[in-house]
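> What follows is a predicted protein model with its sequence.
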Amino acid sequence: MNLKKIIIALTCISIAHGAFAESVTEKITKAKSEMKTQLSAVSDSLLKEFEVILPETNSLSGIQPDAYIGKVFPSVPPHFAAGINVSITPVNASFISSNFNSLTAAISTMLKDTDAIADNLDLALAFQFPDKLPYPAASVSARVGGLFLPFDIGLWGITTGKIFHNKSIGNSPLFDFEYTSLGADLRYAVIEGKGLFPKISVGAGYQFVRQNVGMSFSKDFVFDSGYQDPDGKPITGAATLAPSINLMVDTHTFFGQIQVSKTILILTPYLGLKALFTTSNCSYKWKYDTFINDEKYDWLSDGDEKEVTHTVSDNGIQTQIFGGLGLNFAIFQTSLNVAYNFSSKLFTGSLGMNIKL
């Protein structure tokens, strides 16, 4: 073979290798782009659901069966109440399992679409939830009667800090979870409830709720591509894929309300109506890092983040009816409370326990 033929052969090999590398690069770029679209859609879907659920499941925090508790001064004894409230809102849980399953499956699909995996990589974690999931909330509350005028002021709140941080349960993924709820309201007694008259109050308040949820996990597999990355390094060997996602939802709810109650012996039935105005700030971050032979490959790693703000005009004015029954035993009061939001069509139930004077 003369020199001319050798040069032609090497040129053909070089062109073929370049075309192959370009084809692989395009294939992975396309697969990553499709997966980025899917993961962002999953994140948007989760945020949309949570920003509706959170204000509603916390809407009974600080609830007090008496439409007006009386003055702290002048009054003997001064009127105040303090206690705890726990609530649940049954929600359709299919959106949680379907979205998280889509999240994990999308990454494995992306890698499989590159035809570069030697073994069968399956990242799907098969999240399973019941059809209805009781979404919980809790608060510690206090209410103090007004000075001279017939009004009272309520305060409530709770925070968990970060829990499950960098800890896994068995062989499950790592979770981060943070929940904070703070609120206050003021009620003015239109009718103080003397004699046969019921108590009727009008009021307004504000509630802030934050929930931060994160999940991360890793998966070991064998990567045997048979080709090189854009820098010319062979892509083969022991590999680890490390995906993570973080969702944060902040909701700010302003509300106006009217409430009526009447104490009969040890029972205090009550009924109320609220108009709710909610704004929200939501954000997500997701990423996945691929390590081959303990070296991170940016070519097979990606991430995205987004922040969304919704105003009252976006969310609309919501209407909620609430009511329940207080059971009074000396200075102790237990209440069973329910609420229904006509906009979100969500029910919420709660149990309150108070010391009340």
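Done, it's in. Small disclaimer: the values here were computed from a predicted structure and weren't measured.
> how about the helices in the stretch 1-150 of the chain?
Assigned by DSSP state H, counting those that start in this stretch, the stretch 1-150 of the chain shows helices spanning 3-57, 94-112.
> Repeat that for the stretch 251-357 of the chain.
Taking DSSP H, counting those that start in this stretch as the test, the helices found in the stretch 251-357 of the chain are 312-315.
> Below-threshold pLDDT in the stretch 101-250 of the chain: ranges please.
Per-residue confidence of the stretch 101-250 of the chain (counting by pLDDT under 70) places the weak regions at 101-130, 164-173, 224-230, 232, 234-235.
> The same query, at a cut-off of 90, please.
Per-residue confidence for the stretch 101-250 of the chain (pLDDT under 90) gives these ranges: 101-135, 160-178, 194-195, 212-247.
> mind checking the longest strand of the chain?
If you go by DSSP state E, the chain has its longest strand at strand 234-261.
> For it, which helices and strands make contact with it?
Helices and strands touching strand 234-261, by 3 or more C-beta pairs under 8 Å, 6 or more residues apart in numbering; DSSP states H and E, are helix 3-57, helix 94-112, strand 174-192, strand 199-216, strand 219-228, strand 267-292. (C-beta placed from N, C-alpha, C; glycine too.)
> The ones you listed: which one's closest to residue 85?
Residue 85 lies closest to strand 174-192 among the helices and strands packed on strand 234-261, at 10.4 Å (C-beta to C-beta).
> Put the alpha carbons of the closest one into CSV.
Taking only C-alpha atoms (Å, rounded to 0.1, in the frame of the first residue of the first chain), the coordinates of strand 174-192 have been written out as CSV:
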residue,chain,number,x,y,z
LEU,A,174,-32.5,11.2,51.3
PHE,A,175,-35.2,13.8,52.1
ASP,A,176,-35.2,17.3,53.3
PHE,A,177,-38.4,18.8,54.8
GLU,A,178,-39.1,22.2,56.3
TYR,A,179,-42.5,23.6,57.3
THR,A,180,-43.4,27.0,58.8
SER,A,181,-46.7,28.6,59.4
LEU,A,182,-47.4,32.0,61.0
GLY,A,183,-50.6,34.0,61.3
ALA,A,184,-52.5,36.7,63.1
ASP,A,185,-56.1,38.0,63.0
LEU,A,186,-58.2,40.7,64.7
ARG,A,187,-62.0,40.2,65.3
TYR,A,188,-64.5,42.9,66.3
ALA,A,189,-67.7,41.9,68.1
VAL,A,190,-70.7,43.4,66.3
ILE,A,191,-72.9,41.6,68.8
GLU,A,192,-71.2,40.6,72.1
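> For it, buried residues please.
Buried residues in strand 174-192, defined by neighbour count with 16 or more other C-beta atoms under 10 Å: 174-176, 178-179, 181-183, 185, 187, 189, 192.
> ok, those residues vs residue 349, which is closest?
Out of these, the one with the shortest distance to residue 349 is residue 181. That distance is 16.8 Å, counting by C-beta to C-beta.
> which residues touch the closest one?
In this structure, residue 181 makes contact with 58, 61, 137, 139, 156-159, 207-210, judged by C-beta atoms under 8 Å, 6 or more residues apart in numbering.
> so residue 163 sits right up against residue 177, yeah?
Yes: proximity of residue 163 to residue 177 meets the contact threshold set by C-beta atoms under 8 Å, at 5.2 Å.
> Now tabulate the helices and strands packed on strand 234-261 in TSV and tack on distance to residue 314.
Written out in TSV, the entries for the helices and strands packed on strand 234-261 read as follows (distance: least, C-beta to C-beta, whole Å):
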stretch	distance to residue 314
helix 3-57	10
helix 94-112	20
strand 174-192	22
strand 199-216	17
strand 219-228	38
strand 267-292	8
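> any weak-confidence spans in the stretch 251-357 of the chain?
Within the stretch 251-357 of the chain, the set of residues satisfying pLDDT under 90 comprises 284-306, 308, 312-316, 330, 357.
> if you set the cut-off to 80 instead, what comes out?
Regions of the stretch 251-357 of the chain meeting the criterion pLDDT under 80 cover residues 297-300.
> Tell me which residue is most central in the chain.
residue 50 (4.5 Å; C-alpha atoms, centre = their mean).
> which ones are touching that residue?
The neighbours of residue 50, taking C-beta under 8 Å, 6+ apart as the test, are 211, 247, 249, 282.
> go again using 7 Å as the cut-off
Listed by C-beta atoms under 7 Å, 6 or more residues apart in numbering, the contact partners of residue 50 are 211, 247, 249.
> Then residue 193?
So, once contact is read as C-beta under 7 Å, 6+ apart, residue 193 ends up touching 68, 199, 262.
> And these, which is closest to residue 293?
Proximity of the contacts of residue 193 to residue 293 (C-beta to C-beta) peaks at residue 68, which lies at 70.5 Å.
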